[in-house]
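> curious how this folds, go ahead:
(chains A and B, ligands or ions: 2)
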Amino acid sequence: MIEVVDVSKTFGDKVVLDGINARFDDSNTSLIIGQSGHGKSVLLKCIVGLIQPDKGKVLYDGRDFISGDDDTKREIRREIGMLFQGNALFDSKDVEGNVMFPLDMLTSMSREEKLERVNFCLKRVGLENVNKRMPSEISGGMQKRVGIARAIVLNPKYLFCDEPNSGLDPLTAIKIDELIGEITDEYKITTIVVTHDMNSVMTIGEYILYIHRGRKLWQGTSQTITDTTSPELQEFIFANRLLRDANNQRAKTS
Amino acid sequence: MYLLSQFGKYCLFIASMFRNREKFGVYVSRILDECMLIGIDSIFIVVIVSTFIGAVTALQTVYNLVSPLIPLTIVGVLVRDTTILELASTVICIVLCGKVGSNIAGGLGTMRITEQIDALEVMGINSASYLVLPKIIAALITFPMLVILASFLSIYGGYLSSTLSGLVTKSDYIYGIRSDFNPGNVRFSLVKSFVFAFLISSISAFQGYYTRGGALEVGQSSTKAVTNSCIAVLLADYLLAQLLL
Ligand SMILES: Nc1ncnc2c1ncn2[C@@H]1O[C@H](COP(=O)(O)OP(=O)(O)OP(=O)(O)O)[C@@H](O)[C@H]1O
Ligand SMILES: [Mg+2]
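Ligands and ions are numbered 1, 2, ... in the order given. Below you'll find the model as predicted:
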C-alpha cells in the first residue's frame, strides 16, 4: 500500500502540486488521470523519489520514502519497477541487455539464472526471439513491452507506469493495459498508472484519482466515474463525442 | 554570481560520484568500454593532427631561419621542444575537447532527456557514479597515452617533412632532437594531459548530465561542453606553465 500525504510541489512560482492525498491499495491497478500539463508526471515522480516534494509524505507500507534514512530508501527502491513515458530503454544495450540490467546491477545471480529470468519476463510480456535486437530496431509497442519486462524483472512490489499507451494504436494500447492489469493481479503488485486515455480508465482502473491543476478533484472507481457531478471531470471524460452521446442516451433511457 | 553557483553545482556533482558507489566489478567493465570510446576511437584524429602539426612546425622553422650562422640541427630541437611542451599536449587536448567533450555531453544529454538517467535513479543506482566516473577514469588513462603518441608522431612528422623536402638532412634532424634533451618536459606534458583529461571529461559530463529540455538543448549542451572545457584547458595550461616551469 502506498500512501501519499499532503504532497505539494512548486517550480519557481508555479504551483504544480497542491496538497495531494491518496491511498493506493495492494494488488490493485490505480490510475492517476488528468489533462496534459496538470501535474500527473510530477506527482508520479514525487512518489518514486525522482523529484523532492516541497512538503508532504510518501509512505510505502508505512515506511517513509521522502525523509527516511538511506537504507530504507535503498530497500524501497529495490521494490520499485517503473515504465517511463518514453520507455527510457538504454540505447547502447540490446533487448536482453536492457532487461538483464537490473539483475546485473542489483543481484548476484549467475549468468544462467539471469538469462532464464530475462527470458521468462520477455515471454510474459509476449516477446520472443527479439533478445538480440536493439531498441531502435523494434516498434513502439514492442519497446513498451521491453520496458514492462525490465520493470518486473526484479519482482517488484510496486509498479509505476507513466502513460503506458501513449503513441500506440487503440488495439495495442488495450493489449498493453490488459498486460499491466494481469501482471498486477498475478504478482499482487501495487500498480499506479498515469494516463489520459479513457479506454484505460474503463478497462483497468480499479481506483482512480483525478488531478486538475495540481489538486485532487475526484477519486473513485471506474464504476462510479461516469456518475460524477464535477463539471471539470465531466468535461474530461466526455471530451470524446461518442462517449458523450452514449452517456446522454443512457440518461434518457433510464 | 551565476558562475559561482555553477561552480558550486559542479563541485557537488563531482562529490556525488563518490557517494553510494556500485560494486567494483561494474566499474571495471564500464571503464574498459569507455577506454574504447574515448581512447581508441580518438587515435585516428590524434595521428592525423599531430603528424601535420610536427610537419608544419618543422617547415616553418626552416622558413624562418634566414641566417646561415644558425645550424639546421636547431629544427629538430625546436620541433621536439614545442611539440612536447605545448603542441602535443595542449593542442591535442583541445582537439579532444571537440571530439570527446561533445561525445560525452551529447551522450549524457540524450540519456537525460529520454529519461534513461531517471530509470537508473529509480533502480537505486547512483547514475552520476555509474555513468560519469568510468568516463573520467578512462580519460585519465587514455589521454596521457594519446599525448605520448602525439609527441612521437609530431617529431616524426617534422622529420618526414624536413627530410622529404630536402631542407634538412636526416642526420641534422636526428642530431637536433637528441641534443639538450630535458626529460622534465615530458613529465610536464604528462601532468598537463592528466589535468586536461580530468577537466574535459568532468566538465563535459557536467554539461550533459544537467541537460533539460529536448533535442535542441542536447545540441546546446554539447556546444557548451566544448567551449567551457576549451577555456578550462587553456586556463589550466597557463596556470601549470606558471607553476611548474
Ligand atoms: N523540472 C521541472 N521544472 C519546472 N517545471 C516543471 C518541471 N517538471 C514539470 N514542470 C511543470 O509542471 C507542470 C506539470 O507537468 P507534468 O509533466 O506533470 O504534466 P502531465 O500532467 O504529466 O502532462 P502530460 O500528460 O502532457 O504528460 C507543467 O506545467 C510543467 O511545465
Ligand atoms: Mg506526463
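> next, count neighbours for residue B:167.
With neighbours defined by other C-beta atoms under 10 Å in any protein chain shown, the count for residue B:167 comes to 18. Glycine gets a C-beta too; all of them are placed from N, C-alpha and C.
> grab the nearest non-local neighbour of whichever residue of the stretch 151-254 of chain A sits closest to ligand 1.
In the stretch 151-254 of chain A, no residue comes nearer to ligand 1 than residue A:196, which is 5.6 Å away by C-beta to the nearest ligand atom. Nearest residue to residue A:196, sequence neighbours excluded (C-beta to C-beta, 6 or more residues apart in numbering or on different chains): residue A:33, at 6.0 Å.
> now the helix or strand harbouring that neighbour: mean pLDDT?
Using DSSP states H and E, residue A:33 sits in strand A:29-34. Regarding strand A:29-34, the rounded mean pLDDT is 90.
> ok, the residue sitting nearest the centre point of chain B to chain A distance?
What sits nearest the mean C-alpha location of chain B, by C-alpha atoms, centre = their mean, is residue B:93, with 2.8 Å. In this view, residue B:93 and chain A are 26 Å apart by C-beta to the nearest C-beta, to the nearest Å.
> can you tell me the SS state at that residue?
helix (DSSP: H, G, I helix; E, B strand; the rest coil).
> touching, it and residue B:236? I think so.
No: using C-beta atoms under 8 Å, residue B:93 makes no contact with residue B:236, being 9.5 Å away.
> from the contact counts, what lies against the strand holding residue A:33?
helix A:40-48, helix A:170-187, strand A:190-195, helix A:198-204, strand A:207-212 (3 or more C-beta pairs under 8 Å, 6 or more residues apart in numbering or on different chains; DSSP states H and E).
> what about the fourth one, near ligand 1?
This points to helix A:198-204. No: figure legend: helix A:198-204 not in contact with ligand 1 (C-beta under 6 Å from any ligand atom); closest approach 12.9 Å.
> for residue A:66, identify the helix or strand it belongs to.
Residue A:66 belongs to no helix or strand, assigned by DSSP H and E.
> okay, now it: neighbour count?
Residue A:66, neighbours per other C-beta under 10 Å, totals 17.
> go on, residue A:19?
Look at residue A:19: counted by other C-beta under 10 Å, it has 14 neighbours.
> isn't there a strand covering it?
Yes: the assignment for residue A:19 by three-state DSSP puts it in a strand.
> these two touch, right, it and residue A:9?
No: Residue A:19 is beyond contact range of residue A:9, at 10.3 Å (criterion: C-beta under 8 Å).
> which non-adjacent residue is nearest residue A:63?
residue A:72 is the one closest to residue A:63 (C-beta to C-beta, 6+ apart), at 5.5 Å.
> wait, what's in contact with whichever residue of chain A sits closest to chain B?
Closest contact between chain A and chain B, by C-beta to the nearest C-beta, is at residue A:77 (3.2 Å). Shown in contact with residue A:77 (C-beta atoms under 8 Å, 6 or more residues apart in numbering or on different chains): A:49, B:122-124.
> what's the answer for residue A:94, then?
By C-beta under 8 Å, 6+ apart, the neighbours of residue A:94 are A:131-135.
> around ligand 1, pick out the residues from chain A.
Contacts of chain A with ligand 1, taken as C-beta under 6 Å from any ligand atom, map to A:11, A:16, A:34, A:36-42, A:196.
> can you give me the helices for chain B?
For chain B, the helices defined by DSSP state H cover B:2-16, B:24-34, B:43-64, B:74-82, B:92-96, B:102-113, B:116-122, B:127, B:133-164, B:170-178, B:183-209, B:215-244.
> ok, now chain A?
According to DSSP H, the helices that chain A contains are A:40-48, A:70-78, A:95-106, A:111-124, A:140-152, A:170-187, A:198-204, A:231-237, A:241-253.
> distance to residue B:6 added to those helices, as TSV?
Output for the helices of chain A, formatted as TSV (distance: least, C-beta to C-beta, whole Å):
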stretch	distance to residue B:6
helix A:40-48	24
helix A:70-78	27
helix A:95-106	31
helix A:111-124	41
helix A:140-152	34
helix A:170-187	42
helix A:198-204	42
helix A:231-237	42
helix A:241-253	50
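> tabulate those helices (CSV), appending mean pLDDT.
Shown next, in CSV, are the helices of chain A (pLDDT from 0 to 100):
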stretch, mean pLDDT
helix A:40-48, 92
helix A:70-78, 87
helix A:95-106, 92
helix A:111-124, 92
helix A:140-152, 91
helix A:170-187, 88
helix A:198-204, 80
helix A:231-237, 80
helix A:241-253, 76
